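1. for reference, the sequence and a predicted model appear below.
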Amino acid sequence: MNGNLHAYLIIGCGYFGSRAAKKLFQKNPDSKITVVDKNRKALQKVSRLPIQTVACDGILYLNQFLSEGRKVDYIIPALPLHLAFEFILSQLKPWGAKRERIPDISGLPNPVTGKTGDLYTSFANFLCSEDCPEPAQYCTITKKRRPKPLYRILNDLEGPFESRVIRSQQLGPGIGGFQPEVLLDLLEDIKKKRNSDRLILISTASRCHGVTSGLSF
């Protein structure tokens, strides 16, 4: 698609997913937007928009969507889980892939471990503005310089593991997503490592915020 006309697949229709749908529609009403959530009531938040809604489990739908070779410009994760990792894990379970604990890693900003063992990191120890334009060199709240983006910090991690990062690109203020090709390329690359016992860290990260999960075979 050309110009600002894109196709978006939003997985999750809670606060952030419904907000993303509304903002992207306002940005360009001709964009093709699909929102997926297993909760039909949640989908009612965007029922007034002329967009497609699908009542289905997000991971299940993403697996089916990509396995059928269907096309979309950007996938927007809006679920309380690490969407890219859960997709990769579901694809690689037949090869013996399993979730692993994240080892202690020093130097990461404001690390917090989630309920399923995912590691959340962020330059912010405060609530960010929903409309942050994500400037490259500084924080809009603190005005402090940000010399190295978080996605690069995570990619450059060294230790008893291999670190792989999907960069979340800003599609609008407070809206992040990634191209499906990036996800599928990473999946194929990790498949080639299924005979290795090396821990693989998989992250999805923007300039300021990230989530990291561990996988091994």
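-> Perfect, thanks for sending it.

2. CA atoms for contacts and neighbours, from now on please.
-> Fine.

3. contact partners for the residue located most distally from the centre of the chain?
-> Within the chain, Asn195 marks the point farthest from the mean C-alpha position, 26.6 Å out by CA atoms, centre = their mean. Listed by CA atoms under 8 Å, 6 or more residues apart in numbering, the contact set of Asn195 reads Phe217.

4. give me the pLDDT for it.
-> Note on Asn195: pLDDT of 83.

5. mind listing what Gly176 touches?
-> For Gly176, the contact set (CA under 8 Å, 6+ apart) comprises 76-77, 168-170, 206.

6. what's the helix or strand for the spatially closest residue to it that is not a sequence neighbour?
-> Leaving out its chain neighbours, the residue that sits closest to Gly176 by CA to CA, 6 or more residues apart in numbering is Gln170, at 4.6 Å. Under the criterion of DSSP states H and E, Gln170 resides in strand 169-172.

7. so what's Asp37 bridging to?
-> Ala55 (DSSP bridges).

8. shift numbering so it begins at 45
-> Understood, numbering begins at 45; the last thing we discussed is Asp81.

9. what about it, how many residues nearby?
-> Around Asp81 sit 24 other residues, with neighbours defined as other CA atoms under 10 Å.

10. strands of this structure, start to end?
-> Ranges of strands in the chain, per DSSP state E, are 51-55, 76-81, 96-99, 118-121, 142-144, 156-157, 163-166, 205-211, 213-216, 219-221, 243-249, 253-260.

11. contacts for the fourth one next, please.
-> Residues outside strand 118-121 that contact it (CA under 8 Å, 6+ apart): 50-56, 61, 127, 219-224.

12. Leu110: which of these is nearest?
-> Of all the contacts of strand 118-121, Leu110 sits closest to Pro224, with 8.1 Å by CA to CA.

13. the closest one and Arg114 touch, don't they?
-> No: applying CA atoms under 8 Å, one finds Pro224 not in contact with Arg114, separated by 10.1 Å.

14. quick one, which of the two is more surrounded?
-> More neighbours surround Pro224 than the other of Pro224 and Arg114, with 19 against 8 (other CA under 10 Å).

15. mind putting the contacts of Gly220 into JSON lines with distance to Ser75 and neighbour count?
-> As requested, the contacts of Gly220 are arranged in JSON lines below (distance: CA to CA, whole Å; neighbours: other CA atoms under 10 Å):
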{"residue": "Ile120", "distance to Ser75": "14", "neighbour count": "26"}
{"residue": "Pro121", "distance to Ser75": "18", "neighbour count": "25"}
{"residue": "Ser212", "distance to Ser75": "20", "neighbour count": "23"}
{"residue": "Gln213", "distance to Ser75": "17", "neighbour count": "17"}
{"residue": "Gln214", "distance to Ser75": "16", "neighbour count": "16"}
{"residue": "Ser250", "distance to Ser75": "23", "neighbour count": "22"}
